[in-house]
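# Sequence first, then the predicted structure:
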Amino acid sequence: MLFLLQTEKPFKLSNYQLGLDYAKKQDALDELSQYRTQFHIPKDKHGNELIYLCGNSLGLQPKSTKSYINQELEDWANLGVEGHTDAKNPWLPYHEFLAEATAKLVGAKPIEVVTMNSLTANLHFMMASFYKPTKERYKILIESDAFPSDKYAVESQLRHHGYDDKEGLILWKPREGEELLNYEDLEAILKTHGNEIALIMIGGVNYYTGQFFDFKRITSLGHSYGCKVGFDCAHGAGNVNLDLHNSGADFAVWCTYKYMNSGPGSLSGCFVHERHAYDKDLNRLTGWWSHNKDTRFNMRHEFDVLPGAEGWQLSNPPILSMAAIKASLDMFNEVGIEKLIKKSKKLTGYFEYLLKDLGEDTIRIITPENPDERGCQLSIQVLKADKSLHDKFTEAGVISDWREPDVIRCAPVPLYNSFEDVYLMVEKMKVILNKN
Ligand SMILES: Cc1ncc(COP(=O)(O)O)c(C=O)c1O
Ligand SMILES: Nc1ccccc1C(=O)C[C@H](N)C(=O)O
């Protein structure tokens, strides 16, 4: 199925009509095309722009990021400690400046989101509150091919609470010979084990296949059996419509260095559903930044937790990293996630169409075909290939990534990738695979 810019109705054209001229025309018609110029596009040693399709791993740097960070460096140089209150963007409440735009991006209310820590750390902090095992109900359900860090984190939670990490872990697996997960299988697992499962923790968009799960469906199913439900949205934030509040999920976490373009190792985002906002009995690991802002500096005050996701903060945050997040969020706020998703579906649809022309004896796209069940990433299984193939792509100026055993992940990011990028990538693929 191919979505063309001129029409909302999918229809097919010949490959000739969908060539370079077509790609250039779509770029000219694209109302978001000017955003590409607002990013640094990496170049090869001759100064030519690379075809960067790796926003699923590390998003590109907005040109504005430097000035946002420089503002904080200047305020630090000029004000020292007074910057906490007197900086242009005072550091004490800095995380509050991110809440509204973050909430909009992930479909939440400002009280439900906070930016803090790193991703796997936040997953643990969320599990400290939402994984409350009992003798009867202690198991954790996760998708079988979850990102390793998530799997290690849930296994270590099981061990931390004194359970066996194999016996306590339930895996939602694809069917024999398939990669994508099937909801009927999840329903069957819950029918048998629902009363033993304390927590369902799913990678909202799977890092390997790119499958975007139905959060609402998983959450209501989990809740109907009394399980808590959380999502790791590392591959979802800034990429798909997460609609976290309406999903009803108990919590979600994500990183800001992929589709949120906020720099390597940048801070993570965290969502805690509003219904938990004022629950002071919910166990959590806390620090002084979880404490009431009005009395935080009275120091000897008895602990008084902040309402909402802010109440999960521990430490005063790194402002330089937050400044990079602010630069990126300001851009997302200007564009709006709806427009991005609209372009994303067209761009990825075009990419998919061109790839399919390579033939099923060469490649197989393991990402769902339905545009509502994926983001911009396509995971391309290259038959009979090994990593040396990926090296050839890199040499040819295409930045993508390789995931063992045989998958190239490519993510045309609507903020900075073009239809021409996608066209050229497939042309290079044809040369490398001797398909031209
Ligand atoms: C789904 C998922 N979970 C966890 C991680 C690990 O994140 P971090 O190193 O920021 O904790 C990543 C990416 O690295 C990821 O994609
Ligand atoms: N943060 C990184 C640092 C170094 C190398 C890779 C990463 C990734 O983010 C990998 C990504 N999570 C993935 O889906 O493969």
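Structure received. What you are looking at is a predicted structure, and each value in this text was computed from that prediction instead of being measured. Ligands and ions are numbered 1, 2, ... in the order given.
# Closest approach to ligand 1 from the stretch 151-300 of the chain, which residue is it?
Ala234 (3.7 Å; C-beta to the nearest ligand atom). Heads up, the C-betas are built off the backbone N, CA and C, glycines and all.
# from what I can see Gly107 touches Gly238, true?
No. Here Gly107 does not reach Gly238: they are 12.0 Å apart, not a contact under C-beta atoms under 8 Å.
# Who has more neighbours out of those two?
Using other C-beta atoms under 10 Å as the criterion, Gly107 and Gly238 rank with Gly238 on top: 29 against 18.
# What score does that one have for pLDDT?
Looking at Gly238, its pLDDT stands at 98.
# which strand residues sit across from the nearest residue to the residue of the stretch 151-300 of the chain closest to ligand 1 once chain neighbours are set aside in the sheet?
Nearest non-adjacent residue to Ala234, counting by C-beta to C-beta, 6 or more residues apart in numbering: Cys255, 4.9 Å away. Beta-bridge pairing for Cys255 (DSSP bridges): Ser268.
# mind listing what's buried in stretch 41-56?
Using 16 or more other C-beta atoms under 10 Å as the test for burial, stretch 41-56 gives Ile41, Leu50, Ile51, Tyr52, Leu53, Cys54, Gly55, Asn56.
# May I have the beta-bridge partners of the third one?
According to DSSP bridges, the residues that bridge with Ile51 are Val398.
# show me what contacts it?
Contacts for Ile51 (C-beta atoms under 8 Å, 6 or more residues apart in numbering) come out as Gly397, Val398, Ile399, Asp421, Leu424, Met425, Lys428.
# Please apply the same query to the first one.
When contacts are counted by C-beta under 8 Å, 6+ apart, Ile41 touches Glu49, Leu50, Tyr52, Leu60, Tyr416.
# Wait, the last one touches Gln34, no?
No. With contact defined as C-beta under 8 Å, Tyr416 does not reach Gln34; the gap is 10.7 Å.
# what sits up against stretch 366-377?
By C-beta under 8 Å, 6+ apart, stretch 366-377 touches 1, 3, 55-56, 179-180, 205, 209-212, 214, 235-236, 239-240, 259, 344-345, 347-349, 352, 378-381, 407, 409-414.
# Name the residues of the chain found near ligand 1, please.
Ser118, Leu119, Thr120, Phe147, Ser149, Asp150, Gly203, Tyr207, Asp232, Ala234, His235, Cys255 (C-beta under 6 Å from any ligand atom).
# what number of residues lie near the first one?
Read that as Ser118. Around Ser118 there are 17 residues (other C-beta under 10 Å).
# Nearest residue to it in space, ignoring adjacent ones along the chain?
Ser268 (5.3 Å).
# Please tell me I have it right and that neighbour contacts Asn117.
Yes. Contact criterion C-beta under 8 Å: Ser268 and Asn117 qualify, at 5.6 Å.
# Show the buried residues in the contacts of Ile51.
For the contacts of Ile51, buried by 16+ other C-beta under 10 Å: Gly397, Val398, Ile399, Asp421, Leu424, Met425, Lys428.
# Tell me which residues touch Ala252, please.
Counted by C-beta under 8 Å, 6+ apart, Ala252 has contacts Val106, Gly204, Gly230, Phe231, Asp232, Cys233, Leu242, Leu244, Cys270, Phe271.
# one more time with 10 Å, if that's ok
106, 108, 112-113, 122-123, 126, 202, 204, 215, 229-233, 236-237, 242, 244, 269-273 (C-beta atoms under 10 Å, 6 or more residues apart in numbering).
# do Asp21 as well
Tyr423.
# coming back round to it: would you check that the residue nearest to Ala234 makes contact with Asn261?
No. If you go by C-beta atoms under 10 Å, Cys255 and Asn261 don't touch, sitting 11.2 Å apart.
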